[in-house]
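Peer 1: Sequence first, predicted model second:
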Amino acid sequence: MTPPIPLNEAQARLLQDVVPLGSETIETAAACGRYLAEPLVARRTQPVADLSSMDGYAMRADDTGGPWQLVGESAAGHPFAGTLGRGEAVRISTGAHMPTDAGAILLQENACTDAGTVRVADPEGDRPTDRYIRRKGFDFTAGDTLLNGGTRIDAASLALAMAAGVWQLKVGGRPVVAIIDSGDELTAHADPARPDALPASNGPMLAAMCSELAARALVQPPVADSRRALRESLEAAAGADVIVTTGGASVGDHDHMRTALADWGATIDFWRVAIRPGKPLLVARKGGIIVLGLPGNPVSAFVTAHLFLLPLLRRMGGAGDPLPRFIDARLSGSLPVGGARQEFMRGVWAEGGVAAIAERDSSALHALANADVLIERPIGAPAALHGDSVRVLVLKNGGNA
Ligand SMILES: Nc1nc2c(c(=O)[nH]1)N[C@H]1C(S)=C(S)[C@@H](COP(=O)(O)OP(=O)(O)OC[C@H]3O[C@@H](n4cnc5c(N)ncnc54)[C@H](O)[C@@H]3O)O[C@H]1N2
Ligand code: MOO
């Protein structure tokens, strides 16, 4: 048996030949979660003119002493059409166009009005200023490149595209993922006739992870531990871009995944990666289909999905930067010396840092569901102490969570 390969080598081998799926043009409002297939270029300037950022009164920049005669109003969507002379002011609202010739704003809190005349309320207090003017094009100008191709569209970038007058976006495709749970012990639903059966939780878990990436996930009913049944389920899934299996990837008498893949005509690219959990991971290919064989233990399947499945789907969908992003965090508590495999420990936010959850068994879903982060431990890392820096992958309380 060849030794497990390092994680970074395995990820590079998985992603190196992946060609992004064909692109399509869709409504911007429906593009959340997709990746830009070309740069986002502004079609309009924002703001389109100098605007007021506050409610108050607008006057000329060289006329900030007052009093001023009120000669009209500029409201958002209803600009003041006239010109502004010395000694004149217009009522102005937040987001309204600055009148031609206006160059200063007096906040309404700092103004008093009487019979069409505006004055500075407190001669010792705040006077008109240009600080409340949002200059034309300060955010972006028509023709500016706002986002690079390969960027994921999220709520903010979707709003940016709308504001830039781009109603449709060219985005990468949505990979179709077939998910196969395997094991004689598994049942798709709680089954009173089989009280000892284990609910197949990996399939729905992986489908949920895929759905956050705008992939289409199809979960098959659990498949028995037999070469023939596995081969048939692979054949049934052959219309997908990616087939993900869980279970049967290890060395036991009932672990048939590798032989079933060979029977089906797939070539195994690599098997076993130096990570904990998740060592028995395999990658195989048949034609244009990529098969990811994840280990059956639920935590192993979860961790390897983050490290391999999601990066693969991101790359297929057109992501420029598909690998998960780890950040540095302070350790609360301590960690033992790192082992022979790169480890991903479940952790929680605690005391301004992260603390490892004591339960490290790769079947422990309760601990996984309580985890806020995965803490990375390099191979052979020295023991870590309270306050040391560790790398973490944020699972909760980041983004929309
Ligand atoms: N002698 C050795 N035994 C094992 C090794 C090894 O190197 N030598 N590796 C261990 C490691 S590490 C892992 S991880 C597991 C992975 O095994 P498999 O991928 O073959 O998975 P199974 O044996 O089929 O199942 C493992 C475990 O997970 C449960 N399971 C499976 N599918 C699901 C599902 N869809 N939903 C929920 N739970 C599932 C299954 O009941 C088992 O308890 O192998 C070690 N053994
Ligand atoms: O690689 Mo296994 O996932 O540690 O239990």
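Peer 2: Looks like it arrived, so ask away. Ligands and ions are numbered 1, 2, ... in the order given.

Peer 1: For residue 89, see how far away the most far-flung residue of the chain relative to its centre is.
Peer 2: Distance from the C-alpha centroid of the chain, by Cα atoms, centre = their mean, peaks at residue 115 (55.5 Å). Plainly put, residue 115 is 14 Å away from residue 89 if you go by Cβ to Cβ, to the nearest Å. For every residue, glycine as well, the C-beta is placed using N, CA and C.

Peer 1: one step back: now do the residue farthest from the centre of the chain against residue 6, distance only.
Peer 2: Distance from residue 115 to residue 6, by Cβ to Cβ: 81 Å.

Peer 1: and the lengthiest strand in the chain, how far out from the chain's middle?
Peer 2: In the chain, taking DSSP state E as the definition, the longest strand is strand 342-350. Chain-centre distance of strand 342-350: 20 Å, with Cα atoms, centre = their mean, to the nearest Å.

Peer 1: so what secondary structure elements neighbour the helix or strand harbouring residue 69?
Peer 2: Here residue 69, judged by DSSP states H and E, is contained in strand 68-74. The contact analysis (3 or more Cβ pairs under 8 Å, 6 or more residues apart in numbering; DSSP states H and E) places strand 68-74 against strand 56-60, strand 88-92, strand 117-120.

Peer 1: again, only this time at 10 Å
Peer 2: Identification of packing neighbours for strand 68-74 by 3 or more Cβ pairs under 10 Å, 6 or more residues apart in numbering; DSSP states H and E yields strand 56-60, strand 88-92, strand 111-114, strand 117-120.

Peer 1: Take the ones you listed and lay them out in a markdown table including mean neighbour count and mean pLDDT.
Peer 2: Below are the helices and strands packed on strand 68-74 laid out as a markdown table (neighbours: other Cβ atoms under 10 Å; pLDDT from 0 to 100):
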| stretch | mean neighbour count | mean pLDDT |
| --- | --- | --- |
| strand 56-60 | 25 | 98 |
| strand 88-92 | 25 | 98 |
| strand 111-114 | 14 | 96 |
| strand 117-120 | 19 | 97 |
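
Peer 1: Just the pLDDT for the residue farthest from the centre of the chain.
Peer 2: For residue 115, the model assigns a pLDDT of 92.

Peer 1: Would you mind confirming that it makes contact with residue 70?
Peer 2: Yes - counting by Cβ atoms under 10 Å, residue 70 is a contact partner of residue 115 at 9.3 Å.

Peer 1: Make sure residue 316 is actually in contact with residue 23.
Peer 2: No - using Cβ under 10 Å, residue 316 is not in contact with residue 23, being 11.6 Å away.

Peer 1: So for these two, which residue has more residues nearby?
Peer 2: residue 316 (26 against 19; other Cβ atoms under 10 Å).

Peer 1: Quick check: the gap between the more buried one and residue 309.
Peer 2: Counting by Cβ to Cβ, the gap from residue 316 to residue 309 is 11 Å.

Peer 1: what sits in contact with each of the two?
Peer 2: Among the neighbours of residue 316, those also in contact with residue 309 (Cβ atoms under 10 Å, 6 or more residues apart in numbering) are 177, 213, 215, 242, 290.

Peer 1: Which one of the residues you listed sits in the busiest neighbourhood?
Peer 2: Neighbour-wise, the shared contacts of residue 316 and residue 309 (other Cβ under 10 Å) top out at residue 177, 28 neighbours.

Peer 1: buried sites along stretch 319-330?
Peer 2: Residues 319, 322, 323, 326, 329 are the ones in stretch 319-330 that count as buried (16 or more other Cβ atoms under 10 Å).

Peer 1: what separates that stretch from the chain centre, distance-wise?
Peer 2: 10 Å.

Peer 1: Adding distance to residue 159 as columns, could you present the helices and strands packed on strand 68-74 in a markdown table?
Peer 2: Shown next, in a markdown table, are the helices and strands packed on strand 68-74 (distance: least, Cβ to Cβ, whole Å):
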| stretch | distance to residue 159 |
| --- | --- |
| strand 56-60 | 27 |
| strand 88-92 | 25 |
| strand 111-114 | 33 |
| strand 117-120 | 35 |
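
Peer 1: Mind telling me which residue of the stretch 51-200 of the chain is nearest ligand 2?
Peer 2: residue 183 (14.5 Å; Cβ to the nearest ligand atom).

Peer 1: contacts for the strand holding residue 69?
Peer 2: 51-52, 57-60, 79-93, 95-99, 102, 106, 111, 113, 115-120, 128.

Peer 1: Kindly calculate the angle that it makes with strand 56-60.
Peer 2: 110 degrees (axes from the mean of the first three to the mean of the last three Cα atoms, to 10 degrees).

Peer 1: quick one: buried residues of strand 68-74?
Peer 2: 68, 70, 71, 72, 73, 74.

Peer 1: Check the average confidence over that strand, would you?
Peer 2: Mean predicted confidence for strand 68-74 is 98.

Peer 1: now the angle from it to strand 88-92?
Peer 2: 40 degrees.

Peer 1: Export only the CA atoms of strand 68-74, formatted as PDB.
Peer 2: The C-alpha trace of strand 68-74 is given here as PDB (Å, rounded to 0.1, in the frame of the first residue of the first chain):
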ATOM      1  CA  TRP A  68     -30.400  82.800   3.200                       C
ATOM      2  CA  GLN A  69     -33.700  83.200   1.300                       C
ATOM      3  CA  LEU A  70     -35.300  79.800   0.700                       C
ATOM      4  CA  VAL A  71     -35.800  79.600  -3.100                       C
ATOM      5  CA  GLY A  72     -36.800  75.900  -3.600                       C
ATOM      6  CA  GLU A  73     -36.200  72.300  -2.800                       C
ATOM      7  CA  SER A  74     -34.100  69.400  -4.000                       C
END
